[in-house]
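Q: any chance you could fold what I've pasted below:
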Amino acid sequence: MKSLMLLWNTLAHELGGWSHVDTRRDCKTVADRSKHEGISFLTITLPSFGKDLQQALDQRHASSDLFVGFQRRGELPSFLGGFLDQIFDRRSGDLLDVPNIDSIFAVRQLTLFFQKIELECSKERTARAMRKYIETDVEVARTDACTPEVLREGYRRLSVLLWSDVFSTMDSDIYDGDIFPRHGSGATADRIRGNAKFDLARWSWRLESIFPFVEFALPSLGRGNFHLLDRVQFDEPGAELPVKVVPVPKTLETPRIIAEEPAHMQYMQQALLGMLVPCLEGLRLLRGGGTSLMRHFIGFHDQLPNRELAWKGSLDQELATLDLSEASDRVSNQHVLDLTARFPWFSQALQATRSTKADVPGFGVIPLAKFASMGSAVCFPVEAMVFLTMIFLGIEQQLGHPLTRKDIKALRGRVRVYGDDIVIPVDYVQSVIRTFESFGIRVNLRKSYWNGKFRESCGGDYYDGVDVTPTRFRRMLPGSLKDAEEMISLISTRNQLYKKGLWQTAKFLDEIIEKVLPHFPVVEESSSALGRHSHTFSWKAEVGDPDLHLPLVKAYVVSANPPPSEASEIGSLLKCLLVNDGTATIDEEHLLRSGRSSAVRIKPKYVTPY
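A: Residues are numbered from 1 along each chain as shown. All right, here's what the predicted structure looks like:
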């Protein structure tokens, strides 16, 4: 805590210099409250202050229901008051005509710096998140029963208009068996890891109905392989293995709840993912020729289009950014059934690869009304299609007439979905929110913006066209070379702060890093070395490569080998047939090692500084 406090003080002093603000009283407030409230003041209370600032910017007024828990002087908190006085009028609380954007960035950086530090939540907060997971699923089932049929009809009609070319292609691929299964690198509900995943001993009859085991889980259909069926357990629908619900670090306020899928389900979910996403992103020709129009509205790998639209919205106030609460958990299976109602093979494939039950710690096994939790390979693309269809339905209701393809083309560059990060025209905000709520999807109004000049989407935050995205401190400070992940994160944070012009704070972190790392040279951003980035100093070669005649510096590099996992004979053949279709890269030892490394290490090495 002492080191974190010194880091915060250094950051406050430097940002105070940007805006000519004395931050000594702010540093004392943070020290006093952290002493009594612990790290939760830095990770929960301060981030709440930062979120309230965003709300005040959006409503152009610092109302009395914001900044709760901080003493006020006039209409504004005393804490960080020097910055706030350059943003709002202290007597009225109204936003100034020309607020100081450096001060806006300063308050956001100081309050959100430690928001996403990766620490485990308390047992009470984790249990509360698990309970919320179950309560949300009950709400999903209740909302399904109450959704007006006229809305569902419009939703089904629009799904055909928007997705028919993609879904028809998926239908054909599945019917022809033209899909390639994959195993993900994540943990599975049945605890199968590494190359052992290619010796599947479990399958479900739901999968068998559309993806026969002998065609998708055996390397060939030869008679010599049929004896392998004797070791396979085919689960009846009521006896299937449930997903395993687990918490992972998100913030100290609440963990992220995900679900680990059984290995055989993950295997075929990855097959659908590998065919669906290229169709949606326009990276693959569809069966009828050409690419999908919807590639202009949806994305899964590049967040830049969303950020650019958020930047544009902050300038002209014509585009809004919306954020959804519990997005994945509120997409019901009924939403997906209606979305794919006209495309039987694709619909059946999604249902066959969907887990119907979840094992929730402290609550046992429950049936699921949601389509899938985070952890399912198809969760992300399916939820994006569901949300985009609902958005166009909301726009259609605002316009008062059925949308045509011409109407949809006219909205290019104004509507964009990346998971639950949404950009839409301000004119349609209320109608889209009403449509979402009618389907049980909740908009997080505290993180949605359309009134003022603040916008955020996909990790990009903007005010009046200026980037005010804060740098996040992700892990605790390293104490030795053994704390490899902490050191990697700290160097990344140092370089991000330096790039934003916070050179004093970067220098403070340099001193911490150099106490642990004997070698910490200046390198370019493209280098594989763990080094410092600099605009004023260039790298200096220490030695030269005798064979390639390249300049080298001694620095630490990341080393993370997959754990030992030798594939069986049948598993080796199956894996090679699957990865050699040209869509995956493999290393020489992939049949001997596989899976996520249990430990990341850093080691000194001579490497190029660029």
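Q: would you enumerate the residues in contact with residue 498?
A: 506, 532, 533, 534, 535 (CB atoms under 8 Å, 6 or more residues apart in numbering). In short, each C-beta sits where N, CA and C put it, glycine included.
Q: mind putting these into a markdown table with neighbour count?
A: Listed next are those as a markdown table, based on neighbours: other CB atoms under 10 Å:
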| residue | neighbour count |
| --- | --- |
| 506 | 22 |
| 532 | 22 |
| 533 | 17 |
| 534 | 15 |
| 535 | 9 |
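Q: any buried residues in the longest helix along the chain, and which?
A: In the chain, with assignment by DSSP state H, the single longest helix is helix 149-176. By 16 or more other CB atoms under 10 Å, the buried positions in helix 149-176 come out as 151-152, 154-159, 161-171, 173-174.
Q: ok so, going back, of the contacts of residue 498, which one scores lowest on pLDDT?
A: The lowest pLDDT within those belongs to residue 535, which sits at 91.
Q: part of a helix, is it?
A: No - using DSSP: H, G, I helix; E, B strand; the rest coil, the assignment for residue 535 is coil, not a helix.
Q: which ones are touching it?
A: Neighbours of residue 535 in contact, by CB under 8 Å, 6+ apart: residue 498.
Q: same thing with the one 3 residues further on?
A: Contacts were defined as CB under 8 Å, 6+ apart; by that measure residue 538 touches residue 522.
Q: and the gap between it and residue 524?
A: 9 Å (CB to CB, to the nearest Å).
Q: ditto for residue 457
A: 29 Å.
Q: and those two? which has more neighbours close in?
A: Counted by other CB atoms under 10 Å, residue 457 and residue 524 do not tie: residue 457 has more neighbours, with 27 against 14.
Q: tell me the pLDDT at that one?
A: Looking at residue 457, its pLDDT stands at 97.
Q: and if you look at residue 167?
A: The model's pLDDT for residue 167 equals 98.
Q: who's in contact with it?
A: Contacts for residue 167 (CB under 8 Å, 6+ apart) come out as 340, 342, 343, 346.
Q: report pLDDT for the closest residue in space to the last one that isn't next to it in sequence.
A: Meaning residue 346. Excluding the flanking residues, the one nearest residue 346 by CB to CB, 6 or more residues apart in numbering is residue 170, at 4.2 Å. For residue 170, the model assigns a pLDDT of 98.
Q: and residue 170, what does it touch?
A: 272, 275, 276, 279, 343, 345, 346, 349.
Q: quick one: contacts for the fourth one?
A: Same thing as residue 279. 166, 169, 170, 286, 292.
Q: which SS class is it?
A: Assignment for residue 279 (three-state DSSP): helix.
Q: and the furthest pair within the contacts of residue 167?
A: The largest separation in the contacts of residue 167, counting by CB to CB, is between 342 and 346 at 9.5 Å.
Q: more crowded one of those two?
A: residue 346 (25 against 17).
Q: quick check: which element contains that one?
A: helix 344-352 (DSSP states H and E).
Q: mind listing what's buried along that helix?
A: So helix 344-352, judged by 16+ other CB under 10 Å, has buried residues 345, 346, 347, 348, 349, 350, 351, 352.
Q: kindly report the same for stretch 186-197.
A: Buried-residue list, stretch 186-197, by 16+ other CB under 10 Å: 187, 188, 189, 190, 192, 193, 194, 195, 196, 197.
Q: residue 472: what's it in contact with?
A: Contacts here follow CB under 8 Å, 6+ apart; on that basis residue 472 touches 112, 113, 115, 116, 117, 493.
Q: tell me the contacts of the residue nearest to the third one when sequence neighbours are not counted?
A: In this structure, residue 115 finds its nearest non-sequential neighbour in residue 47, 3.9 Å apart by CB to CB, 6+ apart. Residues in contact with residue 47, defined by CB under 8 Å, 6+ apart, are 111, 112, 114, 115, 251, 253.
Q: would you format these as TSV with neighbour count, distance to residue 311 and secondary structure included?
A: Below are those laid out as TSV (neighbours: other CB atoms under 10 Å; distance: CB to CB, whole Å; DSSP: H, G, I helix; E, B strand; the rest coil):
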residue	neighbour count	distance to residue 311	secondary structure
111	22	22	helix
112	22	19	helix
114	23	26	coil
115	21	22	coil
251	18	25	coil
253	15	28	coil
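Q: export those to TSV and tack on pLDDT and distance to residue 180?
A: Shown next, in TSV, are those (pLDDT from 0 to 100; distance: CB to CB, whole Å):
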residue	pLDDT	distance to residue 180
111	98	47
112	98	42
114	97	43
115	96	40
251	88	37
253	90	40
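Q: and those as a markdown table, adding distance to residue 510?
A: Below are the contacts of residue 47 laid out as a markdown table (distance: CB to CB, whole Å):
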| residue | distance to residue 510 |
| --- | --- |
| 111 | 24 |
| 112 | 23 |
| 114 | 20 |
| 115 | 24 |
| 251 | 27 |
| 253 | 31 |
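Q: between those, which is closest to residue 64?
A: residue 111 (19.0 Å).
Q: can I assume that closest one is in contact with residue 43?
A: No - with contacts counted by CB atoms under 8 Å, residue 111 stays clear of residue 43, the gap being 10.8 Å.
Q: buried stuff in the worst-scoring helix or strand of the chain on mean pLDDT?
A: Lowest by mean pLDDT, DSSP states H and E among the helices and strands of the chain is helix 569-579, with a mean of 88. By 16+ other CB under 10 Å, the buried positions in helix 569-579 come out as 570, 571, 572, 573, 574, 575, 578, 579.
Q: after it, heading C-terminal, what element do we hit next?
A: strand 601-607.
Q: which stretches of the stretch 301-450 of the chain form strands?
A: 319-325, 357-360, 364-367, 416-418, 421-425, 442-443 (DSSP state E, counting those that start in this stretch).
Q: list the helices and strands the very next helix or strand once past the shortest one packs on?
A: Moving toward the C-terminus from strand 442-443, the next helix or strand (DSSP H and E) is strand 454-457. Contacts of strand 454-457 with other secondary structure elements, assessed using 3 or more CB pairs under 8 Å, 6 or more residues apart in numbering; DSSP states H and E, are made with helix 46-59, helix 304-316, strand 319-325, strand 421-425, strand 460-463.
Q: tabulate these in TSV, adding columns for mean pLDDT and distance to residue 436.
A: As requested, these are arranged in TSV below (pLDDT from 0 to 100; distance: least, CB to CB, whole Å):
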stretch	mean pLDDT	distance to residue 436
helix 46-59	97	19
helix 304-316	98	18
strand 319-325	97	7
strand 421-425	97	9
strand 460-463	98	22
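Q: wait, which of those is closest to residue 260?
A: strand 319-325 (22.9 Å).
Q: all set now, cheers.
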